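Novice: need a 3D model of the sequence below.
(chains A, B, C and D)
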2 protein chains.
Amino acid sequence: MATLREIAELASVSVATASRVLNGSAEKHPVSQDVRASVRAAADTLGYTPSATAQALKQQRSKIIGVIASDILDPYFAEMTRGIEIEAAKFGYVTILANANRDPEQERTKFRVLREHQVSGIVFCGSDIEGSPGTAQLAREVNLAVRAGTRVVALAPRGFDSTKIVIDNAATAYELTQYMLSLGHRKIAFIGGIPGLSAAEQRIVGYRDAMFEAQAPAQVLGLTGMSQESGKRAAEELTASTQLPDAIVCTNDEVAVGVLAHLWTVGYKIPEDVSVAGIGGTRGGAVFGLTTMTLPLVELGGLAARYIATAGGSSDVPAPPSFGLHIGSTSAPRGQSD
Amino acid sequence: MATLREIAELASVSVATASRVLNGSAEKHPVSQDVRASVRAAADTLGYTPSATAQALKQQRSKIIGVIASDILDPYFAEMTRGIEIEAAKFGYVTILANANRDPEQERTKFRVLREHQVSGIVFCGSDIEGSPGTAQLAREVNLAVRAGTRVVALAPRGFDSTKIVIDNAATAYELTQYMLSLGHRKIAFIGGIPGLSAAEQRIVGYRDAMFEAQAPAQVLGLTGMSQESGKRAAEELTASTQLPDAIVCTNDEVAVGVLAHLWTVGYKIPEDVSVAGIGGTRGGAVFGLTTMTLPLVELGGLAARYIATAGGSSDVPAPPSFGLHIGSTSAPRGQSD
DNA sequence: CTAGCAATGGATAACGTTTTCCGTTACGCT
DNA sequence: AGCGTAACGGAAAACGTTATCCATTGCTAG
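Specialist: Take a look at the predicted model:
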């Protein structure tokens, strides 16, 4: 690893000049063409790689964005982190990924580690799990950090004082349910969620609202998880009961895929026997023609990254882009026309 | 961010002592109990957070592991990166995640950026795409870095001189195909792959070998991709032809799920009409009861992380753990007993 | 003719650590 | 008594950058 000093020596200029040529500030402080050329030549022959570490130390900010994801294996969060990474790269930033495994305790330790690395900002992908012991503690720590100047942005409803970029979770479920109702379904069940997980709870609220307005009987199943497995289990429960609903709205695509998997293996036809829908619009549901509420996950991640990279330059808190319905295979209730 | 100097001042000791107390080397150079206590107290009241940046600069190595993943949305790589992160955390390391989007060009730029950040080592998740213009260039650059002392480990067959931790891809497909043959299937098709992607090509080799030995007719479809969508497309092609094979072996679980999705929507019964198997053992196939060759992805990632974190301390190049068959829903060919 | 300014380059002090090199003591041996 | 040595503590030099001051030159405006 050649250093700036070696370059300077070879080009017989000062390190200051070498720095100016190689790392940007040549406009603020002009350097003649000749010198530039010789410095660049020296850098080339020595194979200079700037030390991001030293730069970070000097400038008191590394070009690193810390990301704390609830569950990196969930396509929902994977998409978000991808969005963050792509946008971050455009600004010359890099992302440190920390997986919290849906555990507030881990979020806290990762948060601390990220701060040690002097990251420019920290993005939380995933919302609160209320009631969990670590949650309050985490909130306290984050608030302290925010007040101390650390840039934090949450990509989900969060109980701390950071910038938040959130879509209206209740609305997603509300609209999706309304769509199902508009097809003529009355018996619509809702599946999925984790107790205390605000995003999931909001979706249930949206579902209930839509059902209430339509004077249709609400049936909420679960709070048993957000995974494919949990969806499958819930579906088993559902098929064990006397009669299947006309349609099933799931808290996310993962759960929906799990539901699909069970119904399929049991022998039901989708969507003839029952319509299934998810929320998220992740790649996971694509091949199944899943009806889903498409969320701008990549864009959301991108906004967070941009917010941190530009130090909130342009608009202070960006407005989240909106979501849209992706209509896959759904059908009207049995007996009606498709 | 309180610094060591402030702590030292408050505790009225030297920074050297503060450093010794707070960051480890108290065994090498003893510090009395009293002083330790007062330093720790000072650190507590001031809320000291060590600057990983400064430490990295001083010690010439950051406790960061760089990860370059081919495609972070593919559960295969997601599992690996998760394994890396978990193990890295145990050693106090953190991982910088860079997504290459299956593009050698991007791998190269990310590799460079990672090096700028003085990472302790770099892990490549994903194998070569031969013939691609960037590949040779990347190899040259990586080899140079390796020779210069950068720790690089590849979690897949790679055309450069790094440490490699690879499972025998051909063997996975070979054993899986043999299993299918052992069930009595003769017409077994193979689906999936990307031209030039060595891991995928190895699997085809394994499949062909097994079929050849059994004197069964091989039918390889695709080299059209590794995604669910590509699996679906290939399955469409398959169902369009006159007759379906008895079984389908897919290059990975993603493709298998895509195949499943198509066969299902078209109305086939799995595994009664046709058996489908994948390779990877990722969570994606779990709810579908997919038969798959389970690969120790998390462990593989862990090994890579440990190798870098311990600077190859114990065993120089760890041997990869082996894989195993996960039997989901498969059946004997039609007409035979299950 | 000279003050003043743009253009160009260099010295050097940080940034927050770690670590090597030196003092002190105090103690156990010969 | 003399001395090696362990236990402790501090001073200060790095690590590779960037940024702030200065110094020099060559102009142009007054």
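Novice: and the stretch 151-300 of chain A, which residues reach chain B?
Specialist: Applying Cβ under 8 Å from any Cβ of the partner chain, we find that the stretch 151-300 of chain A lies next to chain B at A:228-229, A:231-232, A:257-258, A:261-262, A:264-265, A:283-284, A:286-289. From N, CA and C alone the C-beta is placed, and that goes for glycine too.
Novice: which of these fall in helices?
Specialist: Among these, the members found in helices (DSSP state H) are A:228-229, A:231-232, A:257-258, A:261-262, A:264-265.
Novice: who wins for most neighbours among those residues?
Specialist: Within these, neighbour counts (other Cβ atoms under 10 Å in any protein chain shown) peak at A:Gly231, which reaches 33 neighbours.
Novice: and the closest residue in space to that residue that isn't next to it in sequence, what does it touch?
Specialist: With sequence-adjacent residues excluded and distances taken as Cβ to Cβ, 6 or more residues apart in numbering or on different chains, A:Gly231 is closest to A:Gly258, at 2.6 Å. The contact partners of A:Gly258, by Cβ atoms under 8 Å, 6 or more residues apart in numbering or on different chains, come to A:227-235, B:287.
Novice: biggest separation within those residues, which pair?
Specialist: For these, the farthest-apart pair by Cβ to Cβ is A:Ser227 and A:Ala235; their separation is 12.6 Å.
Novice: of these two, which one has the most company?
Specialist: For A:Ser227 and A:Ala235, the more surrounded residue by other Cβ under 10 Å is A:Ala235, and the numbers stand at 31 against 23.
Novice: which residues are in contact with that one?
Specialist: With Cβ under 8 Å, 6+ apart, A:Ala235 has these contacts: A:191, A:248, A:258-259, A:261-263.
Novice: at 6 Å instead, please
Specialist: A:259, A:262-263 (Cβ atoms under 6 Å, 6 or more residues apart in numbering or on different chains).
Novice: chain neighbours aside, what residue packs nearest to the spatially most central residue of chain A?
Specialist: Centroid-nearest residue in chain A, with Cα atoms, centre = their mean: A:Met80, separated by 3.3 Å. Closest residue to A:Met80 apart from its sequence neighbours, by Cβ to Cβ, 6+ apart: A:Gly301 at 4.2 Å.
Novice: how many residues are close by the one you found?
Specialist: A:Gly301 is flanked by 27 other residues according to other Cβ under 10 Å.
Novice: whichever strand or helix holds it packs against which elements?
Specialist: Using DSSP states H and E, A:Gly301 sits within helix A:297-309. Under the contact definition 3 or more Cβ pairs under 6 Å, 6 or more residues apart in numbering or on different chains; DSSP states H and E, helix A:297-309 sits against helix A:75-90, strand A:151-154.
Novice: what do you get if the cut-off is 10 Å, keeping everything else the same?
Specialist: Counting contacts by 3 or more Cβ pairs under 10 Å, 6 or more residues apart in numbering or on different chains; DSSP states H and E, helix A:297-309 packs against strand A:64-69, helix A:75-90, strand A:94-99, strand A:121-125, strand A:151-154, strand A:163-164.
Novice: could those go into CSV alongside distance to B:Ala26 and mean pLDDT?
Specialist: Shown next, in CSV, are these (distance: least, Cβ to Cβ, whole Å; pLDDT from 0 to 100):
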stretch, distance to B:Ala26, mean pLDDT
strand A:64-69, 29, 97
helix A:75-90, 38, 96
strand A:94-99, 28, 94
strand A:121-125, 30, 97
strand A:151-154, 33, 95
strand A:163-164, 40, 93
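Novice: a markdown table for the ones you listed, including distance to DNA strand D?
Specialist: Output for the helices and strands packed on helix A:297-309, formatted as a markdown table (distance: least, Cβ to the nearest atom of the strand, whole Å):
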| stretch | distance to DNA strand D |
| --- | --- |
| strand A:64-69 | 15 |
| helix A:75-90 | 19 |
| strand A:94-99 | 16 |
| strand A:121-125 | 19 |
| strand A:151-154 | 18 |
| strand A:163-164 | 25 |
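Novice: return the distance of the closest residue to A:Ile86 other than its chain neighbours relative to A:Asp74.
Specialist: Distances taken as Cβ to Cβ, 6+ apart place A:Gly302 nearest to A:Ile86, at 6.6 Å, with adjacent residues excluded. Per Cβ to Cβ, to the nearest Å, A:Gly302 is found 19 Å from A:Asp74.
Novice: which one's more surrounded, those two?
Specialist: More crowded of A:Gly302 and A:Asp74, by other Cβ under 10 Å: A:Asp74, with 25 against 22.
Novice: I figured that one was touching A:Thr251, is that so?
Specialist: No - contact between A:Asp74 and A:Thr251 fails when scored by Cβ atoms under 10 Å: they sit 11.8 Å apart.
Novice: need the residues touching each of these two.
Specialist: Common contacts of A:Asp74 and A:Thr251, defined by Cβ atoms under 10 Å, 6 or more residues apart in numbering or on different chains, comprise A:226, A:280.
Novice: contacts only, for the residue of the stretch 1-150 of chain A at minimum distance from chain B.
Specialist: Nearest residue of the stretch 1-150 of chain A to chain B, counting by Cβ to the nearest Cβ: A:Leu97, 3.9 Å away. The neighbours of A:Leu97, taking Cβ under 10 Å, 6+ apart as the test, are A:65-69, A:72, A:81, A:84-85, A:110, A:125, B:67, B:69, B:72, B:81-82, B:84-85, B:94-99.
Novice: got the contact list for the residue lying closest to A:Arg36 once chain neighbours are set aside?
Specialist: Spatial nearest neighbour of A:Arg36, excluding adjacent residues (Cβ to Cβ, 6+ apart): A:Val21 at 5.1 Å. By Cβ under 10 Å, 6+ apart, A:Val21 lies in contact with A:4, A:7-8, A:11, A:13, A:31, A:35-40, A:42-43.
Novice: want to throw the residues you listed into a markdown table with pLDDT?
Specialist: Listed next are these as a markdown table, based on pLDDT from 0 to 100:
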| residue | pLDDT |
| --- | --- |
| A:Leu4 | 96 |
| A:Ile7 | 96 |
| A:Ala8 | 96 |
| A:Ala11 | 96 |
| A:Val13 | 96 |
| A:Val31 | 93 |
| A:Val35 | 95 |
| A:Arg36 | 95 |
| A:Ala37 | 96 |
| A:Ser38 | 96 |
| A:Val39 | 96 |
| A:Arg40 | 96 |
| A:Ala42 | 96 |
| A:Ala43 | 96 |
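Novice: of those, buried ones?
Specialist: Applying a neighbour-count criterion of 16 or more other Cβ atoms under 10 Å in any protein chain shown, the buried members of these are A:4, A:7-8, A:11, A:13, A:31, A:35-36, A:38-40, A:42-43.
Novice: and A:Ala218, how many neighbours does it have?
Specialist: Other residues near A:Ala218 come to 17 when the count uses other Cβ under 10 Å.
Novice: residue ranges of the helices in chain A, please?
Specialist: Ranges of helices in chain A, per DSSP H, are A:4-10, A:15-22, A:33-46, A:52-59, A:75-90, A:104-116, A:133-147, A:169-182, A:198-213, A:228-240, A:253-266, A:297-309.
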